[in-house]
Every structure is written in C-alpha cells, then in structure tokens.
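S.K.: make a model of this:
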Amino acid sequence: MAATAAGLFLFSGTAAAYPINGAPDLTANPLYEEGKLTKTSCALKKGMTRSATEKYVRSLVVCLGKAWDRPGIKVEIHYQRDGKKKYKSWPFVTLDGIYVGLADDWIKAKNDLRVFHELASVYGEVVQVQTGIAKAAKTLDFHGDQKELDEQERRYAYQQSCFAGAAARALGRPAKSWKSLLKGNELAWFDRGYKAGGPSACNTWKASSAKVA
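M.R.: Next up is the predicted model:
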C-alpha cells in the first residue's frame, strides 16, 4: 500500500469556487461505481481501560476490512500517557497500515462515537490510498492560492466522513447518534454515505463549493 503523509490535509479555510478539473482519479474514480458495503456483524464494546480500548480498536479495524472487502490492514498502537500534557488520540495511515497514538481521551470516553468515527474515517483514507485518490489529491495544483488548497483539503476530509457514514450503516450503527458529534457539512457528508451505504454518494470532488465549505 502506498504511503500517505500523516495529516496529508488539514481542515481549514473558507469557501471559494475552485472546481476540480483534469483529475479523473478524483472525479471519476471506479470506486464510485462500487455497490453498498457488505453488512457486517460487529459486536463491539469499548470499555474504559487501556486493554479494552486497544481490543476495541483492533476489532473495529477487522470489521471495517470486512465491510469494505479490504481485509488485512495492520494496526500499530502506542499509548501516550497523560502527564503535564494532555494528549489526544491520533489515528493515521502509514506505509504498513494504520497507526494509533492512543491516549486517555479515547480510553476514558463513555461512548465510542468519536473513536468509531475517527477510525472509520482513517480506514476511509486507506481506501483513498488503495484507489489512487490520495495520490491524485496530494498532487493537485492549487495555483499558489491558499483558499484553493483549503477547499481541496476539505473535499479530501469530507470524503472520509462520507466513507465513515457508509461503514456505520454496514456495521449496523444507528444514524441519529452522530448528530451529537458532527456538525455542518461534515455531518451532511456522513449522512450521504450512511443513506447510500457505499461510496457512490461520496464524490466530494464534483460537489459544488457550497457543499464542501
């Protein structure tokens, strides 16, 4: 699997009209022609200990692999203990799979909504890597315009949220739960993925600027 830089795109900026042209790996990727994700029984219980959370993370990644029919993604977890500095858990794609910098925010969370969404989103980035979307996005010309780059970054991130919505439906998670976590266009793209149940609704690269603001 090709590498993507950790934090390939940051979420920032304001809306502007910057259509994506001449990048068929983004706008006409064969991924959008695939059907719904495979419905997958996935009995998950996060718990509030380090061992229980690590087990949850590994189990969820296995379930996501079954839903996407892209199994075998390796997971590396390193725990960051809070001291004077309070850490936040950070999952990202690596050369070998998914790395999780696990911290107490995930471990002490009373529900798994954020953990699920962040892991389902980063698995979405695995899909972006495997289908050539990540490479094409990283090499887009933004013409030295920071606002254009910002919009490209949001298209990339919202696509992951859309993929996470599709995965949530495949794994039998209720749709209404996410309204307490996500807002604005991030929630809108999650909902689109959830309703479609697959990547067909997740072509953020052809969406209007208003829908990726």
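
S.K.: please enumerate the helices of this protein.
M.R.: Under the criterion DSSP state H, the chain contains helices at 24-27, 50-68, 104-107, 113-130, 133-138, 146-170, 184-196.

S.K.: list the helices and strands the first one packs on?
M.R.: Yep, that's helix 24-27 we're talking about. Secondary-structure packing of helix 24-27 (3 or more CB pairs under 8 Å, 6 or more residues apart in numbering; DSSP states H and E): helix 133-138. (Glycine included, C-beta is placed from N, CA and C.)

S.K.: list the buried residues for the helix it packs on?
M.R.: Within helix 133-138, the residues that count as buried by 16 or more other CB atoms under 10 Å are I133, A134, A136, A137.

S.K.: for stretch 168-185, same thing?
M.R.: Within stretch 168-185, the residues that count as buried by 16+ other CB under 10 Å are A168, R169, A170, L171, R173, W178, L182, N185.

S.K.: which residues are in contact with the residue most central in space within the chain?
M.R.: Centroid check for the chain by CA atoms, centre = their mean gives S121 as the closest residue, at 1.6 Å. If a contact means CB atoms under 8 Å, 6 or more residues apart in numbering, then S121 has Q160, S161, F163, A164 as its contacts.

S.K.: tell me the pLDDT at the residue nearest to the third one when sequence neighbours are not counted?
M.R.: By that I understand F163. Using CB to CB, 6 or more residues apart in numbering and skipping the chain neighbours, the partner closest in space to F163 is G124 (3.2 Å). For G124, the pLDDT comes out at 98.
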